[in-house]
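**Student:** Need coordinates for the below:
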Amino acid sequence: MRLLTKLFGAACCVGMLLTGNVQARDWKVIKDAGTIVVATEGQYYPFNYFDGPKLTGFEVELAEAIVKQMGLKLDWRVVSFDAQLASIRQDRFDFAIASHGYTEERAKAVDFANPHYCSGGQIVSLPGGPLTVAGLKGKSVGVQIATTYFDAAKKIDGIGEIKTYKDEAANFAALKAKKYDAWISDKYLVKATLDKNPGTGAIPGDMVFVERISMITRKNNKELMDQMNKALAEVMKNGTYQALSTKYFQADISCH
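**Tutor:** Numbers count the residues shown, from 1 in each chain. This is a model prediction of the structure:
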């Protein structure tokens, strides 16, 4: 938890990444400019987070490799997860990479690239807490707001109170403080968080659902999307993706 709190504090202090009113652009305009504007959350360890003042993580390094493959420079923006879909529709950046799981509802607002990993929502509890979907009946759960975990929790038959948090650092703090009975979050985030915080005694349980995770762009920006997919495929082909996946997860998290 000390690390997660540190990351949260760092994210609050990097003002130069938080501002900027940038128009989402077509591929030709981006190529001519030589720089692409990319958004992430910066509070989703180990996918995108701050190590001191440095923005890093699996998705951050992957995006940097993809953009390099596209022959461009990268200009980062940090935007809270719950604001990203609205922001991209307002043309504040060119694409986002922040663990967006594909849903039909989201696909009405933005376009999804080919998936850069597959995962899903997992139940986590302190000793004695519920570890199965059936065990969540009448129990309170914590989820990050505006996520597929929130959507999935609402569909669980007989579930008790659903408590929402701005980010997963706050969510994990609430679990430790016993403010609810179970946490639902990404299985890889869960593993990394518990590995970093072994003293909590928290136990991972059943998967609630599985999903495909992709970068997103504004609707109908086809040429840009084609370039992103082409670069992602090359990064996966040349071994860069596998090296990053091994570095952060000691496993291949791509969609097989």
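
**Student:** Check which residues of the longest helix belonging to the chain are buried.
**Tutor:** If you go by DSSP state H, the chain has its longest helix at helix 222-237. For helix 222-237, burial by neighbour count (16 or more other C-beta atoms under 10 Å) applies to 224, 225, 227, 228, 231, 232, 235, 236. (Each C-beta comes from the backbone N, C-alpha and C, glycine too.)

**Student:** Distance to residue 33 and pLDDT for these - can I get that in TSV?
**Tutor:** What follows is the buried residues of helix 222-237, written out as TSV (distance: C-beta to C-beta, whole Å; pLDDT from 0 to 100):
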residue	distance to residue 33	pLDDT
224	12	98
225	18	98
227	14	98
228	16	98
231	17	98
232	21	98
235	22	98
236	26	98
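
**Student:** elements contacting the helix or strand following the longest helix of the chain?
**Tutor:** For helix 222-237, the following helix or strand on the C-terminal side (DSSP states H and E) is helix 240-249. On a contact count with 3 or more C-beta pairs under 8 Å, 6 or more residues apart in numbering; DSSP states H and E, helix 240-249 meets helix 58-69, helix 187-196.

**Student:** sorry, back to before: other residues contacting the longest helix of the chain?
**Tutor:** 25-28, 30, 62, 65-67, 69-70, 94-95, 111, 113-114, 116, 215, 217, 241-242, 254 (C-beta atoms under 8 Å, 6 or more residues apart in numbering).

**Student:** at 6 Å instead, please
**Tutor:** 27, 65, 66, 69, 70, 111, 113, 114, 217, 241 (C-beta atoms under 6 Å, 6 or more residues apart in numbering).

**Student:** Tell me, how many residues neighbour the second one?
**Tutor:** In this case it means residue 65. Look at residue 65: counted by other C-beta atoms under 10 Å, it has 21 neighbours.

**Student:** what's the answer for the one 5 residues further on, then?
**Tutor:** Other residues near residue 70 number 20, with proximity taken as other C-beta under 10 Å.

**Student:** Who are the contact partners of it?
**Tutor:** 227, 231.

**Student:** and if we set it to 8 Å?
**Tutor:** Applying C-beta under 8 Å, 6+ apart, the residues near residue 70 are 36, 227, 228, 231.

**Student:** which of the residues you listed sit farthest apart?
**Tutor:** Across the contacts of residue 70, the longest distance by C-beta to C-beta is 10.6 Å; it joins 36 and 231.

**Student:** hey, what's in contact with both of those two?
**Tutor:** Common neighbours of residue 36 and residue 231 (criterion: C-beta under 8 Å, 6+ apart): 67, 70.

**Student:** Per-residue pLDDT of the closest residue to residue 178 other than its chain neighbours, please?
**Tutor:** The shortest distance from residue 178 to any residue other than its chain neighbours is 6.7 Å, reached at residue 126 (C-beta to C-beta, 6 or more residues apart in numbering). Here the pLDDT value assigned to residue 126 is 98.

**Student:** Near residue 126, how many other residues are there?
**Tutor:** Applying other C-beta under 10 Å, I find that residue 126 has 15 neighbouring residues.
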